[in-house]
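Student: Pasting the sequence and the predicted coordinates here, then a few questions.
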Amino acid sequence: SQISISHEVSPLMKLVSRGDTTVVDAYLTPILRRYIDSVASQLPGVKLMFMKSDGGLVDAQQFQGKDSILSGPAGGIVGAVQTSLRGGFDSIITFDMGGTSTDVAHFNGEYERQLENEIAGARMRVPVLAIHTIAAGGGSILSFDGSSYRVGPESAGSNPGPACYRRGGKLAVTDANVMLGKIHPQYFPAVFGKDGNLPLDKDVANEKFIQLAKEIETATGNHRTPEQVAAGFISIAVESMANAIKKISLQRGYDVTNYALCCFGGAGAQVACLIADTLGMKIFLHPYAGVLSAYGMGLADVRAIKEAGVEEGLNDGLLEELQGLMEGLGNQAKRELETKINVEEEIVRKVNLKYEGTNSILGISFDLDNLDVGMMREEFEREHKLRYGFVQVDKNLIVESVSVEVIQKMDTPEEALITRSRGLDEFPNPVETVQMFTHDKWYSAPIYRREDLQPGDVIQGAAIIVEKISTIVIEPNWEAELTERNHLQLSVRS
């Protein structure tokens, strides 16, 4: 048996006075080693592995502090990519909305990584999945400064949490969705209040929005109902999250209308339609979307990445040297991985290029069977044109660094298919119908339980689908279809 764990320790980074990889690693590794030894002592005979920030698994004894910085979000990206591929989507934007923040990432056939990173003020040179984070989550605090609405960056966290958590917290994004009828206490676990045994408090959220609407009218003379105020805050949060997606896609030359928005995290499905509507995207939702970061670790491969700086001009004479350097890095990576029999192994070689005198680095493939400076420059310029909109034909190319990634493919089981037992003309019965405020009006929205849906069912908005680990809001102009893989695919109703 095997257990995979992610361990996110970025808050500890604030205690590191010098911003270099060696110091960060020296500080964090002993702390992690004590933790790993404690876990391993409770799991005799179990193969223990940890998720790294680059999206790969590594044996517990080789896990180091520098590998752990963004291991939690990395698990989410791996889970999103692997489940989306199984669902038939090979170009996706991952959208992970939790309590404090939202993480987005771009995938178009391969994982995107950054080698130079500044995290919590510490500069590190270590491979990390390219993740863009914004301070907008379910716990982001809502405020009015006398002239405008603000969402975050402060967060209510998990304790005290949003006002509806019954711990005296401030109004947050989650409260706005409660006010709008998109979250209903009876479908949430009763784990709130001081003793952790009470349902969400809908009344306190309503009262606080009523009071806030009065304050806004007094300050501006602008009359808004409490529902309109809550919807206004959600619009601001949605715009902020949509802009984050544009930054990693449209601003880099990618057409997001050809992508699927893979939503996960506890709050992702509550705003998925609103964000996808803004961007012209379709939506993919896995049944484990609420805990996809954890599920993703079970789908990850074992990986080792080795990288070396070069800083020399690209020319024919350098290619042979790079080939030798790549071979050495590959051997190092293989030694780091445990040799397994009958395991599919893949090797990915990259050369990181930049124009002379610039810092914009782009990684391109290093094909041992077809080493050609002209073709490498063409590939670099094609990517540079896509990313930045121009090329500089008169500038020399500099090889900033090279990297070799050795991947051992894990044998993960396929997800079981589900079958339909109802007739094609039979529709699932909602458990109840509620009122949901959206698009500046109230709608009647039936609530369905995810487990009552069968392949081929199409749920038209306005509607809500409740799960044990998530709530899915289907906006009025959207519809959701369940596939035989138990995936929900959402799209604008034609």
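Tutor: Thanks, I have it. Numbers count the residues shown, from 1 in each chain.
Student: All the helices of the stretch 301-450 of the chain, residue numbers only.
Tutor: In the stretch 301-450 of the chain, the segments counted as helices under DSSP state H, counting those that start in this stretch are 316-336, 373-388.
Student: Redo these as TSV? Include mean pLDDT.
Tutor: Converted to TSV, the helices of the stretch 301-450 of the chain look like this (pLDDT from 0 to 100):
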stretch	mean pLDDT
helix 316-336	91
helix 373-388	90
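Student: My read is that Leu70 contacts Ala130, right?
Tutor: No - using Cβ atoms under 8 Å, Leu70 makes no contact with Ala130, being 10.1 Å away. From N, CA and C alone the C-beta is placed, and that goes for glycine too.
Student: who's more crowded, these two?
Tutor: Neighbour count, other Cβ atoms under 10 Å: between Leu70 and Ala130, Leu70 has more, with 26 against 15.
Student: Phi, psi for that one please.
Tutor: Backbone torsions of Leu70, given as degrees, to the nearest 10, read phi -120, psi 40.
Student: Doesn't Leu274 belong to a helix?
Tutor: Yes - under DSSP: H, G, I helix; E, B strand; the rest coil, Leu274 falls within a helix.
Student: check contacts around it.
Tutor: Neighbour list for Leu274: 234-235, 238, 475 [criterion: Cβ atoms under 8 Å, 6 or more residues apart in numbering].
Student: Could you dump the helices of the stretch 301-450 of the chain into JSON lines and include mean neighbour count and distance to Leu261?
Tutor: What follows is the helices of the stretch 301-450 of the chain, written out as JSON lines (neighbours: other Cβ atoms under 10 Å; distance: least, Cβ to Cβ, whole Å):
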{"stretch": "helix 316-336", "mean neighbour count": "15", "distance to Leu261": "34"}
{"stretch": "helix 373-388", "mean neighbour count": "15", "distance to Leu261": "21"}
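Student: Now do the SS call for the nearest residue to Val78 once chain neighbours are set aside.
Tutor: The shortest distance from Val78 to any non-neighbouring residue, by Cβ to Cβ, 6 or more residues apart in numbering, is to Gly296 (4.1 Å). Here Gly296 is recorded as helix under three-state DSSP.
Student: try Lys170
Tutor: What three-state DSSP gives for Lys170 is coil.
Student: what about the residue nearest to it when sequence neighbours are not counted, helix or strand, and which?
Tutor: Among residues not flanking Lys170 along the chain, Ile141 sits closest, at 5.0 Å (Cβ to Cβ, 6+ apart). Ile141 is part of strand 140-144, with elements assigned from DSSP states H and E.
Student: Give the other helices and strands that the next helix or strand after that strand contacts.
Tutor: Following strand 140-144 in sequence order, the next helix or strand is strand 149-155 (DSSP H and E). Judged by 3 or more Cβ pairs under 8 Å, 6 or more residues apart in numbering; DSSP states H and E, the packing partners of strand 149-155 are strand 140-144, helix 226-248.
Student: which residues are in contact with strand 149-155?
Tutor: Identification of contacts with strand 149-155 by Cβ under 8 Å, 6+ apart yields 99-101, 135-137, 139-144, 172-173, 229, 232-233, 236-237, 240.
Student: Mind doing that once more with 6 Å?
Tutor: With contact meaning Cβ atoms under 6 Å, 6 or more residues apart in numbering, strand 149-155 is reached by 100, 135-136, 139-143, 232-233, 236-237.
Student: tell me the angle it makes with helix 226-248.
Tutor: Strand 149-155 and helix 226-248 are oriented at 70 degrees to each other (axes from the mean of the first three to the mean of the last three Cα atoms, to 10 degrees).
Student: Centroid-nearest residue for this structure?
Tutor: Of all residues in the chain, the one closest to the mean position by Cα atoms, centre = their mean is Asp96, 3.8 Å from it.
Student: so which strand or helix has Ile459?
Tutor: In this assignment (DSSP H and E), Ile459 forms part of strand 458-460.
Student: helix or strand right after that strand?
Tutor: Next along from strand 458-460, by DSSP H and E: strand 463-466.
Student: Could you check how sure the model is about that following strand, as an average pLDDT?
Tutor: Across strand 463-466, the average pLDDT comes to 96.
Student: In its sheet, which strands sit next to the helix or strand immediately after that strand in the chain, and in what direction?
Tutor: Once the chain leaves strand 463-466, the next helix or strand it forms, by DSSP H and E, is strand 471-474. Note on strand 471-474: by DSSP bridges, its sheet partners are strand 463-466 (antiparallel).
Student: Show me what counts as buried in the strand it pairs with.
Tutor: Buried residues in strand 463-466, counted by 16 or more other Cβ atoms under 10 Å: 463-466.
Student: Touching, Ala480 and Ile472? I think so.
Tutor: No - contact criterion Cβ atoms under 6 Å: Ala480 and Ile472 do not qualify, at 7.2 Å.
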